[in-house]
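Okay, here's the prediction I keep looking at, along with the sequence it came from:
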Amino acid sequence: MALISLKVIGLGKPLVLLHAFPLSNLIWENFEPPKDFALILPDFPGFGSSPLAKEGFSLAEAAQELLKSLEEEGIRQPIVLGGISMGGYWAMEFIRQFPEKMSKIIFVSTRAGLDKPDAKQRRLEMAERVLRDGPEFLTQTMVPGLLGKTTLDKKPVIVEKLKNWIRQTSPQGIALAQRAMAQRQDKTDLLAKIGVKTLILAGNEDNLISFSEAEVMAGLIPNSQLEIFKNVGHLVPLEEPDQFQKITQSFSRPLVWG
């Protein structure tokens with residue numbers, strides 16, 4: 001059984017989108033693949049329909065397992081790869097190991113650098129607590145960071161949906177992912193080596209990763225396009241799906257394939 005489960009929507013060129021923490025590929029539920037694209041939605045181990053990985057599982061291993069799952073699905077050509085937040089960390093590790101697999105890249109609400117020591121410690125403490133207490137406390141501690149002020153104030157349906165998704169997430173999966181993110185490697189040096197067109201998206205109300213991080217990334221990636229969403233927090237495709245759809249489709253379409 002593949003360690004990374006893939007949901008495939010449509011037929012065509014592969015557009016692979018990697019989800020945020022502590023969610024699953026449901027974050028992309030409102031996204032429709034561009035014409036002539038297949039939308040490929042993996043789940044990180046322990047999330048959604050992917051089985052739990054062994055203790056100590058790393059983002060480097062997650063990249064290798066993703067490649068295996070894609071190849072098992074018959075996807076061997078270059079891909080458009082996107083990732084939001086944790087999905088961005090996962091995507092960067094995939095890019096580092098398999099640069100020849102890239103056609104285009106989409107980074108959303110993510111960063112290349114490492115956590116500060118106190119943030120890393122909080123990840124490890126959360127991993128311990130969620131195994132002890134379950135995920136309910138995350139609906140109070142994480143939601144104000146995951147969503148922008150405008151969404152929190154004006155979009156209660158999205159707030160409740162996010163809380164319900166968090167409640168459904170496996171405590172073991174949450175702990176596995178937090179420990180993997182805590183141990184991830186700095187990818188800042190990777191950015192200047194990216195040789196394909198890259199789209200960078202962020203919200204101006206992001207309380208977890210400031211949009212200034214996106215600006216830094218855009219300055220380091222040679223062929224990049226930066227879009228800052230107004231009145232949007234960390235979870236761009238959930239908070240502003242129509243604008244996200246429009247920008248991402250426009251970016252993905254003009255491709256030349258061999």
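Right, received. Where do you want to start?

what's the distance between M102 and P78?
Distance, M102 to P78, by C-beta to C-beta, to the nearest Å: 6 Å. C-beta coordinates here come from the backbone N, C-alpha and C atoms, glycine included.

L23 - nearest residue in space that isn't next to it in sequence?
Using C-beta to C-beta, 6 or more residues apart in numbering and skipping the chain neighbours, the partner closest in space to L23 is W165 (5.4 Å).

and the strand or helix carrying the one you found, what other elements does it pack with?
Assigned by DSSP states H and E, W165 falls within helix 156-167. On a contact count with 3 or more C-beta pairs under 8 Å, 6 or more residues apart in numbering; DSSP states H and E, helix 156-167 meets helix 138-141, helix 143-146, helix 149-154, helix 236-239.

Now do the same contact list for R129.
Going by C-beta atoms under 8 Å, 6 or more residues apart in numbering, R129 touches F137.

Next one: it from R122, what distance?
When distance is defined by C-beta to C-beta, R129 is 10 Å away from R122.

what residue ranges in the stretch 1-150 of the chain are flagged as low confidence?
1 (pLDDT under 70).

all strands in it, in order from the N-terminus.
With strands called from DSSP state E, counting those that start in this stretch, the stretch 1-150 of the chain shows them at 5-9, 13-18, 37-43, 79-84, 102-108.

CA atoms of the last one as PDB?
As requested, C-alpha coordinates have been extracted for strand 102-108 and formatted as PDB (Å, rounded to 0.1, in the frame of the first residue of the first chain):
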ATOM      1  CA  MET A 102       9.400  20.500 -12.100                       C
ATOM      2  CA  SER A 103       7.500  22.300 -14.800                       C
ATOM      3  CA  LYS A 104       6.200  25.200 -12.600                       C
ATOM      4  CA  ILE A 105       6.000  25.800  -8.900                       C
ATOM      5  CA  ILE A 106       3.300  27.500  -6.700                       C
ATOM      6  CA  PHE A 107       4.200  28.500  -3.100                       C
ATOM      7  CA  VAL A 108       1.400  29.600  -0.900                       C
END
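
now for that strand, which elements pack on it?
Counting contacts by 3+ C-beta pairs under 8 Å, 6+ apart, strand 102-108 is packed against strand 79-84, helix 86-97, strand 198-203, helix 241-252.

Please point out which parts of stretch 90-99 sit buried.
The neighbour-count criterion (16 or more other C-beta atoms under 10 Å) identifies W90, A91, M92, E93, F94, I95, R96, F98 as the buried residues of stretch 90-99.

wait, what's in contact with the first one?
Pointing back at W90 there. Contacts for W90 (C-beta under 8 Å, 6+ apart) come out as L18, F44, L59, A62, A63, L66, G83.

and the residue nearest to the second one when sequence neighbours are not counted, how many neighbours does it have?
Once flanking residues are discounted, F44 sits nearest to A177: 5.9 Å by C-beta to C-beta, 6+ apart. By the other C-beta atoms under 10 Å criterion, the neighbourhood of A177 contains 27 residues.

and what of the one 3 residues further on?
By other C-beta under 10 Å, 27 other residues sit near A180.

OK, contacts around the residue nearest to V16 when sequence neighbours are not counted?
Computed as C-beta to C-beta, 6+ apart, the closest residue to V16 that is not its neighbour in sequence is I40, at 4.4 Å. I40 makes contact with L6, K7, V8, P14, L15, V16, L17, L70, E73, I75, I79, according to C-beta under 8 Å, 6+ apart.
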